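Undergrad: Provided below are the primary sequence and the corresponding predicted coordinates.
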Amino acid sequence: MFNRVFYTDSVINEKYFDIIKKYFETGKIDIYSSEEELIKQLIYAGNLHKHKSFKNEYEVRITTLDNKRQYGIEYAFKEIGNVVKKVLILKTDIMGIPKGTSFEKLVDEVIIGPRSQQNINILQQYICSYGLSDLAGKLTMSDCPLR
């Protein structure tokens, strides 16, 4: 569920590129059971890829491969800015318990993206309203320049 992002300027050197190239050349998939499974894995990997200019962020993303409810998360649909989006709802009160810790200790830092219009102070107040004051203190604004 917690996955490190990989940073490259091209996917040509990534293992998924070789898998797809072989599939188009031969029609064979060696490591997945079906085309559907290959596509699911590609979408999953796509969510974990960012351009190398962001590599200093050392980002970890919360991602799942399917729509199954997992320990501490569930899916929901939310209207955000007049657009309906599928989101993960984190149950921070129980996340971390299997590892003998709290959710706040699982997160080292939360970086707000350089194009975000989110006010950091308001977001900190929002996080504190859920009893996560330690997490609120871990928010920073990205200093990554965009091209």
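TA: Done, it's in. Quick caveat, the model's predicted, so the values are computed rather than measured.
Undergrad: can I see the domain layout of the chain?
TA: Domain segmentation of the chain under automatic domain parsing yields 2-57, 107-147.
Undergrad: now the helices for the chain?
TA: 15-26, 35-46, 103-106, 120-128, 133-136 (DSSP state H).
Undergrad: can you say which of those is nearest to Ile89?
TA: Nearest to Ile89 among the helices of the chain is helix 103-106; the distance by C-beta to C-beta comes to 12.9 Å. Where C-beta positions appear, they are placed from N, C-alpha and C, glycine not excepted.
Undergrad: can I get the CA coordinates of that closest one in CSV?
TA: The C-alpha coordinates for helix 103-106 follow below in CSV (Å, rounded to 0.1, in the frame of the first residue of the first chain):
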residue,chain,number,x,y,z
PHE,A,103,-0.5,6.5,11.6
GLU,A,104,1.3,9.7,12.5
LYS,A,105,4.6,7.9,13.0
LEU,A,106,4.3,6.2,9.6
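Undergrad: show me where this structure dips below the pLDDT cut-off.
TA: Applying pLDDT under 70 to the chain flags the ranges 1-3, 9-14, 63-72, 145-147.
Undergrad: just give me the residue right at the centre of it.
TA: Nearest residue to the geometric centre of the chain (C-alpha atoms, centre = their mean): Arg61, 2.5 Å.
Undergrad: distance check, it against Ser142.
TA: Relative to Ser142, Arg61 is positioned 15 Å away (C-beta to C-beta, to the nearest Å).
Undergrad: so in terms of bridging, what pairs with Thr86?
TA: For residue 86 the amino acid is Lys, not Thr. Partner residues in beta bridges with Lys86, using DSSP bridges, are Phe77.
Undergrad: you'd agree it is up against Tyr75?
TA: Yes. Between Lys86 and Tyr75 there is a contact at 6.2 Å, judged by C-beta atoms under 8 Å.
Undergrad: the more surrounded of the two?
TA: Neighbours per residue, other C-beta atoms under 10 Å: of Lys86 and Tyr75, the larger number sits with Tyr75, 14 against 9.
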